[in-house]
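Chemist: just to be clear, the model below is a prediction. Sequence and coordinates:
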Amino acid sequence: MSAASAPAPTAGRAPAAAPAAAPAVNLTPVFVRLKLSLIRNGLKGSSKRKAAYFTSLALSLAVACLAMLGLAVLHGNAHAGTVVVLLAAILALGWTFMPLFFPSGDETLDPSRLVMLPLRPRPLVRALLASSLVGIGPLFTLCLAVGSVVAVARGAAGIAAAVVAVPLLVLGCVALARSVATANVRLLSSRKGRDLAVLSGLVIAVGAQLANFASQRLFQAGGLARLEPAEAVVRWLPPASAVGMVDSASEGAYGVAAGQLAVTVLALALLLWFWERSLTSLMVTPDGSTIAAAGPAGKRESAGGTGAWGFLPAGRTGAVMQRTLRYVVRDPKTKSAWVTALAVGVIVPVFNALQGTGSLYLACFGAGMLGIQMYNQFGQDTSAFWMVAQTISTPRDAFEELRARAYALALVTVPYTVVLTTVTGLLVHDWSGYPAALGVALALLGSMLCTGALASARFPYSIPTDGAFKNVAPGQAGLAWAGIFGGMLASALICSPVIALTIFLNVTDQQSLTWIVLPLGAAWGTFAAWAGLRIAAPRVARTLPEILVAVSKG
């Protein structure tokens, strides 16, 4: 073999070059395509879902376009800045709290699904922020932002500020929603998160009352001028400060506009930093529910019979009261009904008093709202009512069961009625009618406990456990309406003697004797409740199988 053909020595051979590192993947387009895929795949295979989505899209676009045109018409109005700045603040509040009440509306709000992927927080924040800009909500917000800046932008400086303000406002709203959702992702995926979703109807109802109250004040003379002090503060609160910056730049206050721009940018940077920290904590922290479940069993068991429960009576009465009150705290449907009754019962008398049209006797509305909770007592047990049925063998057992449930209701409703009547009296400045109003309210409450026990025995129905806004099983709506409305009419008839006495004393100008309505109303309500429980108990003891079938259809 020649030297030319001999193999080269290996000792001095240079090592092979290491393979080139793979280029970093840009997550932003990936997540945007993922969001579009989620929307597209969510519409497959269901014509109803497609119809609902496109209908909501069309309505949202129509409302957004009309709102944008309406805001644009305000251009040049003296109060345009006040309107658009406060509107931007309301928009930001909506973005902040809606994820807490509607966590299932966007599947990408739960970043815990990405825990097992090798993703760094900062690129993930950018990708999630970009994907959050895809959807009906961001489009609606963009239209309102454009209309708001058009309403206040004037001159070259105002137009330049408007170009910057629109993306800052949209990004600020989206970052608020994302940071709040990420910080509360454990809550949103737990039972408490589902409870918040159930209570969303209450939030809408309270918001509607607040909007109605505010609109009535605004339509009065000088209504918008009353909002100027609030607007002077809100225009410095991000992201509404972005719209305030446009108004300030249009008026020539460039120093103020620069300050508002700095506040908006700084707030957005802090939100993104907080979001990144929340993501990092979420990715490396184990689920707290599994840690709590792995705690000492003895400690968990010993926590049930202490605290406030120790004040309840012993025996069957205390046990049933505790079970009923635990339903209020733990069961989402029961909790929703109670909280709604408590809130609406306050809204009606208090808001009417604030508007100058209030009356002490409107406090009876709160007592009536809580009295409705006595109706369909066995429906909240659902199919677990069979365990209650096992403990009832005589009408006496049924009476004790119903009496304990009424005690649990009265434990909350009686102090609530007293406090509500007192607050209403403070607002309307009518203490002469306080004893009569409280007496009528207590008589009405006792009458509703009476009819509630009878309705629970004669018209039981099932409460479905699935669906936040579905409170009656299919085919049982007639039972629900018959029990509730029939019971309400019967309650009015039962307490009519107390009402008639109150009317007589007021019509005949015997105000000095109206105090007797308070003890008479309390005694009448107590007697009515006792009589209703006595009458309902034998039927409950006779029809336990029928009640179990009726409440087990959900």
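Modeler: Yep, that arrived. Just so we're clear, the structure is a prediction, and the values are computed from it rather than from any experiment. Numbering: from 1, shown residues only.
Chemist: now residue 484: closest residue in space that isn't a chain neighbour?
Modeler: What sits nearest to residue 484 in space, not counting adjacent residues and going by C-beta to C-beta, 6 or more residues apart in numbering, is residue 375, at 5.6 Å. C-beta: built from backbone N, CA, C; applies to glycine.
Chemist: how many neighbours does the one you found have?
Modeler: For residue 375, the count of nearby residues is 23 (other C-beta atoms under 10 Å).
Chemist: try residue 67
Modeler: The burial count for residue 67: 16, using other C-beta under 10 Å.
Chemist: and it, what does it touch?
Modeler: Contacts for residue 67 (C-beta atoms under 8 Å, 6 or more residues apart in numbering) come out as 143-144, 147.
Chemist: that one: helix or strand, and which one exactly?
Modeler: helix 47-73 (DSSP states H and E).
Chemist: and the helix or strand just after that helix, what's buried?
Modeler: Under the assignment DSSP H and E, the closest C-terminal helix or strand after helix 47-73 is helix 80-101. By neighbour count on 16 or more other C-beta atoms under 10 Å, the buried set for helix 80-101 is 80-89, 91-92, 95, 97-101.
Chemist: phi, psi for residue 376 please.
Modeler: Note on residue 376: backbone dihedrals following degrees, to the nearest 10 are phi 60, psi 50.
Chemist: ok, it touching residue 483?
Modeler: Yes: look at residue 376 against residue 483 with C-beta atoms under 8 Å: they come within range, at 6.4 Å.
Chemist: now do the contacts for the nearest residue to residue 449 once chain neighbours are set aside.
Modeler: Using C-beta to C-beta, 6+ apart and skipping the chain neighbours, the partner closest in space to residue 449 is residue 529 (3.9 Å). Shown in contact with residue 529 (C-beta under 8 Å, 6+ apart): 406, 410, 446-447, 449-450, 453.
Chemist: how close does residue 529 get to residue 491?
Modeler: 11 Å (C-beta to C-beta, to the nearest Å).
Chemist: shared neighbours of those two, anything?
Modeler: With contacts defined as C-beta under 8 Å, 6+ apart, the residues shared by residue 529 and residue 491 are 447, 450.
Chemist: worst-scoring helix or strand of this protein, pLDDT-wise?
Modeler: For the chain, using mean pLDDT, DSSP states H and E, the weakest element among its helices and strands is helix 297-302, scoring a mean of 42.
Chemist: now the helix or strand that contains residue 537: buried residues?
Modeler: Assigning secondary structure by DSSP H and E places residue 537 in helix 517-542. By 16+ other C-beta under 10 Å, the buried positions in helix 517-542 come out as 517-518, 520-522, 524-526, 528-533, 536-537, 539-541.
Chemist: what about residue 237, which SS state?
Modeler: coil (DSSP: H, G, I helix; E, B strand; the rest coil).
Chemist: pull the contacting residues for it.
Modeler: Contact analysis of residue 237 by C-beta under 8 Å, 6+ apart lists residue 89.
Chemist: and it, its phi and psi?
Modeler: phi -100, psi 120.
Chemist: would you mind measuring from it to residue 231?
Modeler: From residue 237 to residue 231 the distance is 10 Å (C-beta to C-beta).
Chemist: against residue 447, how distant is the residue nearest to residue 449?
Modeler: Relative to residue 447, residue 529 is positioned 8 Å away (C-beta to C-beta).
Chemist: where's the closest residue to residue 134 other than its chain neighbours relative to residue 502, distance?
Modeler: Using C-beta to C-beta, 6+ apart and skipping the chain neighbours, the partner closest in space to residue 134 is residue 35 (4.7 Å). Distance, residue 35 to residue 502, by C-beta to C-beta: 61 Å.
Chemist: just residue 349 next, same as before
Modeler: Separation of residue 349 from residue 502 (C-beta to C-beta) stands at 17 Å.
Chemist: neighbour count for the two, which is higher?
Modeler: More crowded of residue 349 and residue 502, by other C-beta under 10 Å: residue 349, with 26 against 23.
Chemist: was I right to think that one contacts residue 367?
Modeler: No: contact criterion C-beta under 8 Å: residue 349 and residue 367 do not qualify, at 10.5 Å.
Chemist: between these two, what contacts are shared?
Modeler: Overlap of the contact sets of residue 349 and residue 367 (by C-beta under 8 Å, 6+ apart) consists of residue 420.
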